[in-house]
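In: Let me see the structure of the following:
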Amino acid sequence: MESLLSDKWEVKSKHSSEELLQRWRTLCGVVKNPKRRFRFTANLSKRYEAAAMRKTNQEKLRIAVLVSKAALHFIQGVQPSDYTVPKNVQKAGFQICADELGSIVEGHDVKKLKFHGGVSGIADKIGTSTTKGLPTDDEALNRRQELYGINKFTEAEAKGFLVFVWEALQDMTLMILGVCAFVSLIVGIATEGWPKGAHDGLGIVASILLVVFVTAGSDYRQSLQFKDLDKEKKKISIQVTRNGYRQKMSIYELLPGDIVHLSIGDQVPADGLFLSGFSVLIDESSLTGESEPVMVGAENPFLLSGTKVQDGSCKMLVTTVGMRTQWGKLMATLSEGGDDETPLQVKLNGVATIIGKIGLFFAVVTFAVLVQKMIGQKWREGTTLSWSGDDALHLLEYFAIAVTIVVVAVPEGLPLAVTLSLAFAMKKMMNDKALVRHLAACETMGSATTICSDKTGTLTTNHMTVVKSCICMNVKELSKPGDASALRSEIPDSVVKILLQSIFNNTGGEVVVNKDGKCEILGTPTDTAILEFGLSLGGNFQEERQASKLLKVEPFNSTKKRMGVVLELPEGRLLAHTKGASEIVLAACEKVVNSSGEVVPLDELSINHLTATIDQFASEALRTLCLAYMELESGFSENDAIPASGYTCIAIIGIKDPVRPGVKESVALCRSAGVTVRMVTGDNINTAKAIARECGILTDDGIAIEGPVFREKSMEELLELIPKIQVMARSSPLDKHTLVKHLRTTFNEVVAVTGDGTNDAPALHEADIGLAMGIAGTEVAKESADVIILDDNFSTIVTVAKWGRSVYVNIQKFVQFQLTVNIVALVVNFTSACMTGSAPLTAVQLLWVNMIMDTLGALALATEPPNDELMKRTPVGRKGNFISAVMWRNILGQSLYQFLVIWFLQAYGKTFFRLHGSSDSDLVLNTLIFNSFVFCQLFNEVNSREMEKVDVLEGILDNSVFVGVLGTTVFFQIIIVEYLGTFANTTPLTFVQWFFSLFIGFLGMPLAVYLKGIPVE
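Out: Just a heads-up that it's a prediction; the model follows:
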């Protein structure tokens, strides 16, 4: 089947071009129900609209920047503007309206900003404090919200159940059958009277309504699952100062006047103005498409919603929120653009299209054969020219059968089964702490052959504490509560002073007092551990910060592997402090503080002692950091770079970050599942190796390599080296990206990559599946990822892989089940029409079969939970055939059996059940064929739970949906056969006939066991 699908039916698992997405839609041709078929696919017209909006934004922003630059030259004494404060704004207690605020930031209007008194003037006019933020008075906040709006963008209203009913009715074949039913009613009542003549027509109408309501119910349930997931995706928090206290808040609660704290990797949550900060670089590409980052500071204070902080940190005053911002308008359009369709969705659309064409051909031939037989009979009887109402009803019945063959033959449910399975898996994965952002990731994760994982926070707990230090050349243990105060008494006061100055000033964290009056440390786990160490040495964060002036900050980034600050002391001296990767900072040192607390040159003996200390700490799986300082000459300016060398080493500290419980078992599980786990970290190689061995990642035949060494390798060396790499330490984001790219392209691996920092975005983007950390991850990393690991735990990644495999296998089970029904229904009706001139399965019966295999079958098989067996198989990889040889063996074996059974009943059924001479022998036989056919499908549904395993009943009772679907189908089958005969063309059966139907269905199970014993390549 897949060989029939050209590469035109292929899309990438992510970043498919609009051309690729459009191409397969065109190939679909005539679709039974476009509303359903294309519901969970990208809305390309909305995407074109969003792209046009980005282009407009880019042009607007370019003009605004040019105008503001020109305005800067002419602003000397600004002439009063003609702005007047609207009365409703004055009445609410404010001095500026939302439109004026919006025009200042969006238009980069320096002139207007100056007129309103600059940033502080704007803050006064919207009634906020630049230090304490908004007061937390509910009434005042509500008033502010009414006037300035809320920070949410307009979303399309959720569809109600009746909309799904209407969409299910858009099915072309159901509409044609509806017309047939209507004509059948008219002709039937005209010829046979009411109610007898209405039975056939009403039977078709009832079947159509049943199909429509069951389909709509399933679709509505899916939409609710996606709605819940969308809510989770939008949960974004940000640090805000309100009422003088710093707190975490949802971005949707922000109001103009809020003071927001931004740092590397954050997304700017609303339009605003820069208050204070250092080295702020903003990436505006998401809003404008412009890749060049923009420097933001006092001279260019404008921050636009939706842009991302590429470097630096700052405080921002929120001015405009929600739909008043360009980002709000863009998001409202983008949200309607939908997710890209997944490769399996497209592939199964292709399968549905090919089978649909085959089905249409058979339907036309069946109708032609039936009509030809009827005309032939009339020719023999000499009544060719006289046509009665009965003849018209027969023709109509033949047409309805032909249309219903198309209904059954076109597996419209195939692409939708993918969505159903993905929606089910995504909902369950959410409970397992994994939030899927893109549908395709769920599917691709099942094929993953390699996982490149971070160390910190993913393999380890991310709860860090300083447990060892080397200060004044002396190594001390700090694992017990009193150790730090004992250490303080041993160190000279001058060293304690410079150490605390370094700890409390050269940090991205903060010590704040919360609402309860308790001290709280904010910042990354590393910063938190060091600040905690500083406090335990008796330091005071606020006193240290006030004792000097911060002139420049160079935040930590994973390329430099260090951060630095420049301080101006009260007496006018300038000091630069740096901290970072021990061997990198130590290499930048020329002096060291010795055991007496004196600054001495760094000789070979001291270097060897400090290097040995770093190695010792690292071999104990500790993260090591070096703290250093230097005096600067008085001519230093803010625009100068912080010196890269010439420092004095103050201390080396060892931070413990324990391995997460269960990681070793998860790594072993991956290995047994044929998935290679590699550790990629920025840490010291000895620390990385110690943790990797503890986790079971680094084996005797594996290689641990450093990023700088990896970078220098030639292509030939990389080809030999990459398959053996298990640990990469001191890696830069570019090293990670290079490794992922080679694994994907050169070695054809399906790669999953974890990341938490801004610089991980390229690797997350490049990987087949990008996994961002929910706790430690920045917004930029989450934006680039396909799945967010909410608990930052490696074991959750393994759960995602298990669910990915489950999705893949579940869809395979459903395809196997549906193709069997397709083949049998097609062949039986076609051969029967050709041989006997009538079809054993009527339109109503075929509609019921269609519902069993389509909606109910998908519900039963596509929602099977994963089992541990899944992780004992090798991954499918990039080129695995979706409809495998194993599936074809099962499909053809079961189809042949079912066809033979029905053929036997048609040929010898009347003799076998002694029906000759009975007035309704044809009706009883056709009911038996229908009943046996349905039970064959039910038992085959059970067989389809396992494609290779013999025990198909294992865990069946754990899946309540499966049991429910089977029970419901049996119940309705009994009702249809025993009580709805007039509508469904059936008649009640005897106990023996029921037993025979059940037995025929059951025989499919031992047959399945036999088929599974036939080896296939």
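In: Quick check: Tyr252 touching Gly149?
Out: No. With contact taken as Cβ atoms under 8 Å, Tyr252 and Gly149 are classed as non-touching, separated by 11.7 Å. Using the backbone N, CA and C atoms, a C-beta is placed for each residue, glycine as well.
In: Between those two, which has more neighbouring residues?
Out: Neighbours were counted for Tyr252 and for Gly149 using other Cβ atoms under 10 Å; Gly149 has more, 19 against 16.
In: For the closest residue to the more buried one other than its chain neighbours, give me its contacts.
Out: Setting aside the residues directly before and after it, Gly149 is nearest to Gly322 in space (Cβ to Cβ, 6 or more residues apart in numbering), at 4.9 Å. By Cβ atoms under 8 Å, 6 or more residues apart in numbering, the residues touching Gly322 are 149-153, 270, 328.
In: try Ser388
Out: Residues touching Ser388, when contacts are defined by Cβ under 8 Å, 6+ apart, comprise Thr191.
In: Also Tyr48?
Out: The contact partners of Tyr48, by Cβ under 8 Å, 6+ apart, come to Glu18.
In: Secondary structure class of it, three-state.
Out: helix (DSSP: H, G, I helix; E, B strand; the rest coil).
In: my read is Ser634 is in a strand, agree?
Out: No. If the criterion is three-state DSSP, then Ser634 is coil and not within a strand.
In: close enough to count as contact, Thr613 and Asn474?
Out: No. Distance between Thr613 and Asn474: 9.9 Å, which falls outside the contact criterion (Cβ under 8 Å).
In: out of these two, which sits in the more crowded spot?
Out: Higher neighbour count among Thr613 and Asn474: Thr613, with 21 against 13, using other Cβ under 10 Å.
In: helices and strands around the helix or strand hosting the more buried one, which ones?
Out: Using DSSP states H and E, the secondary-structure element containing Thr613 is helix 604-619. Using 3 or more Cβ pairs under 8 Å, 6 or more residues apart in numbering; DSSP states H and E as the contact definition, the elements that helix 604-619 packs against are strand 465-471, helix 582-587, strand 622-632, strand 647-656, helix 685-695.
In: Now do the buried residues in it.
Out: Taking 16 or more other Cβ atoms under 10 Å as the basis for neighbour counts, the residues of helix 604-619 that come out buried are 606, 610, 613-618.
In: do the same with stretch 559-579
Out: Using 16+ other Cβ under 10 Å as the burial criterion, the residues of stretch 559-579 that qualify are 560-568, 574-579.
In: mind listing what's buried in stretch 113-120?
Out: For stretch 113-120, a neighbour-count test (16+ other Cβ under 10 Å) marks 113, 115-116, 119 as buried.
In: which of those sit farthest apart?
Out: The most widely separated members of the buried residues of stretch 113-120, counting by Cβ to Cβ, are Phe115 and Val119 (12.8 Å).
In: And the strands in the stretch 651-800 of the chain, which stretches?
Out: 676-680, 703-706, 725-729, 751-755, 769-773, 787-789 (DSSP state E, counting those that start in this stretch).
In: thinking again about what came up before, of the contacts of Gly322, which belong to helices?
Out: Assigned to helices by DSSP state H, the following of the contacts of Gly322 qualify: Gly328.
In: Out of the contacts of Gly322, which end up buried?
Out: Taking 16+ other Cβ under 10 Å as the criterion, what is buried in the contacts of Gly322 is 149, 151-153, 270, 328.
In: can I assume Val512 sits in a helix?
Out: No. Using three-state DSSP, the secondary structure at Val512 is strand, not a helix.
In: what's the neighbour count on it?
Out: Applying the criterion other Cβ under 10 Å, we find 17 residues in the vicinity of Val512.
In: still on that earlier bit, would you format the strands of the stretch 651-800 of the chain as JSON lines with distance to Leu856 and mean neighbour count included?
Out: Conversion of the strands of the stretch 651-800 of the chain to JSON lines gives the following (distance: least, Cβ to Cβ, whole Å; neighbours: other Cβ atoms under 10 Å):
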{"stretch": "strand 676-680", "distance to Leu856": "40", "mean neighbour count": "24"}
{"stretch": "strand 703-706", "distance to Leu856": "52", "mean neighbour count": "18"}
{"stretch": "strand 725-729", "distance to Leu856": "47", "mean neighbour count": "23"}
{"stretch": "strand 751-755", "distance to Leu856": "34", "mean neighbour count": "29"}
{"stretch": "strand 769-773", "distance to Leu856": "31", "mean neighbour count": "29"}
{"stretch": "strand 787-789", "distance to Leu856": "30", "mean neighbour count": "26"}
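In: Out of these, which gets nearest to Asp311?
Out: Proximity to Asp311 (Cβ to Cβ) singles out strand 751-755 among these, at 17.3 Å.
In: Show me what that closest one is packed up against.
Out: Based on contacts counted as 3+ Cβ pairs under 8 Å, 6+ apart, the elements that strand 751-755 packs against are strand 450-453, helix 733-745, helix 761-766, strand 769-773, helix 794-836.
In: So which of these is the most surrounded?
Out: Sort those by mean neighbour count, taking mean count of other Cβ atoms under 10 Å, and strand 769-773 sits at the top with a mean of 29.
In: Give the partner strands of that one in its sheet and their orientations.
Out: Strands that pair with strand 769-773, judged by DSSP bridges, come out as strand 751-755 (parallel), strand 787-789 (parallel).
In: Tell me which of the ones you listed lies nearest to Gln95.
Out: Set against Gln95 and scored by Cβ to Cβ, the strands paired with strand 769-773 come closest in strand 787-789, at 41.6 Å.
In: Distance of the spatially most central residue of the chain relative to Asp657?
Out: Most central residue of the chain, judged by C-alpha distance to the mean C-alpha position with Cα atoms, centre = their mean, is Arg437 at 2.1 Å. According to Cβ to Cβ, to the nearest Å, Arg437 stands 27 Å off from Asp657.
In: try Val346
Out: Plainly put, Val346 is 43 Å away from Asp657 if you go by Cβ to Cβ.
In: partners of Ile653 in the sheet?
Out: When Ile653 is checked against DSSP bridges, its beta-bridge partners turn out to be Ser469, Leu625.
In: Could you pull up the residues touching it?
Out: Under the criterion of Cβ under 8 Å, 6+ apart, the neighbours of Ile653 are 466, 468-470, 530, 533, 624-625, 627.
In: again, 10 Å this time
Out: Ile653 makes contacts with 466-471, 478, 499, 503, 529-530, 533, 579, 582, 617, 622-627, as judged by Cβ atoms under 10 Å, 6 or more residues apart in numbering.
In: Now, of these, which are buried?
Out: For the contacts of Ile653, burial is judged from neighbour counts taken by 16+ other Cβ under 10 Å, and it is met by 466-471, 478, 499, 503, 529-530, 533, 579, 582, 617, 622-627.
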